[in-house]
Structure formats: structure tokens, C-alpha cells
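Engineer: this one's sequence-less:
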């Protein structure tokens, strides 16, 4: 049965039982994502699936894992044309679950896999929100902007090579002596 908002659950137990959870929520249910979108697109759908399972891995025995998929469109402002741009985010990641934060830190540094500490109160919604935030580009922009971008300086009377205009660092040469 599909859920709406991702639940808080015992992740180690969920992996032991092979639980598969899925749902569809909206952007406004995730405060940090809504802040990132500057309040735009609050009704944009966010679909998610979390599959907890045991995976055979000789290096780690029979670890418990989480496979997470998320799809959402996050409104942003294009940093080239300053017009709205909807960024499609698609996440498809796997995590190995370990018993403690210390073990997760220790193994994450030495592993090619992503390692998470399991918890009896594992906040799946926070993980989804973190993953979407990390997937957003630092500088959002259109592939091709729909508006013409100015290619000249905004100050029409500015002339960089005007001999009457004093050079801003001309006075420094007197201090050099």
C-alpha cells in the first residue's frame, strides 16, 4: 500500500524483514526543499521508494542495506537569465546499514559504498530530503536560456580606455618609491 510521507522506522528491523516502502508526497512536506525552492512549486510531487534488504557481500558478511529511489522537480532560479527553472532530480542510491554512528564513520572512509548508521527511529524523510538537496546543482541554470542575455556592459557611458579617466591604482606608484 503506497504511503504519503516517508515514515520514521527501525531501519535494522526493516532490513531484516525485507520491507519495501513507497509513496508520493509533495514538496511542501519537506521544509528545507521548500526553502531551497523559495516557496515555488509547493504541490510538485515527490515520489520515493525505499527497499530494505539483506545483500550478500563477502567483505561484510550479510549486511543489511537500503536502496533508495526518489523523483522530484525542484523550482529554482536560473543564475544566467534569472528566470524560473524546474530542475528534475532523480536519485537511485544504495546504502549499507551498520549498528552505530562510529562504525558508519569508520567504514564509510574505507568503503566504496555509502554507509549509514541504522536506528530504531530512522528518519526516512530526512534522508530523502538530504539526498535531494545534495543532488541539486550549486548554480542552477537552464541548458539553454529562453531569454536573450545582454552581452554588453550595463553602464553606457563607461569607457575602460578613456584617457581622461584616472586609473584607480595610479596613486599607488607614488607610494612605491
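Structural biologist: Perfect, thanks for sending it. What you see is a predicted model, and the numbers here were worked out from it, not measured in a lab.
Engineer: lowest-pLDDT helix or strand in the protein?
Structural biologist: helix 172-175 (a mean of 77; mean pLDDT, DSSP states H and E).
Engineer: Can you spell out which helices and strands pack onto that helix?
Structural biologist: With contacts taken as 3 or more Cβ pairs under 8 Å, 6 or more residues apart in numbering; DSSP states H and E, helix 172-175 sits against no other helix or strand. (Glycine included, C-beta is placed from N, CA and C.)
Engineer: What is the distance between that helix and the centre of its chain?
Structural biologist: 49 Å (Cα atoms, centre = their mean, to the nearest Å).
Engineer: and what of stretch 164-177?
Structural biologist: 47 Å.
Engineer: So for it, what gets flagged as buried?
Structural biologist: For stretch 164-177, a neighbour-count test (16 or more other Cβ atoms under 10 Å) marks nothing as buried.
Engineer: again with stretch 44-52
Structural biologist: 44, 46, 48-52.
Engineer: from those, which is closest to residue 14?
Structural biologist: Minimum distance to residue 14 across the buried residues of stretch 44-52 is 4.1 Å, recorded for residue 52 (Cβ to Cβ).
Engineer: Looks to me like the closest one is in a helix.
Structural biologist: No. Counting by DSSP: H, G, I helix; E, B strand; the rest coil, residue 52 is not found in a helix; it is strand.
Engineer: check contacts around it.
Structural biologist: Counting by Cβ atoms under 8 Å, 6 or more residues apart in numbering, residue 52 touches 11, 14-15, 17-21, 64-66.
Engineer: same thing with residue 115?
Structural biologist: Residue 115 touches 95-98, 103-104, 107-108, counting by Cβ under 8 Å, 6+ apart.
Engineer: Please tell me the pLDDT value assigned to the residue nearest to it when sequence neighbours are not counted.
Structural biologist: Distances taken as Cβ to Cβ, 6 or more residues apart in numbering put residue 108 closest to residue 115, at 4.1 Å, once the chain neighbours are dropped. Per-residue pLDDT puts residue 108 at 77.
Engineer: where's residue 108, which helix or strand?
Structural biologist: helix 101-110 (DSSP states H and E).
Engineer: Any buried residues in that helix, and which?
Structural biologist: 104, 108.
Engineer: Report the distance from it to the chain centre.
Structural biologist: For helix 101-110, the distance to the chain centre is 22 Å (Cα atoms, centre = their mean).
Engineer: Was I right to think the residue nearest to residue 115 contacts residue 117?
Structural biologist: No. Under the criterion of Cβ atoms under 8 Å, residue 108 is not in contact with residue 117, lying 9.6 Å apart.
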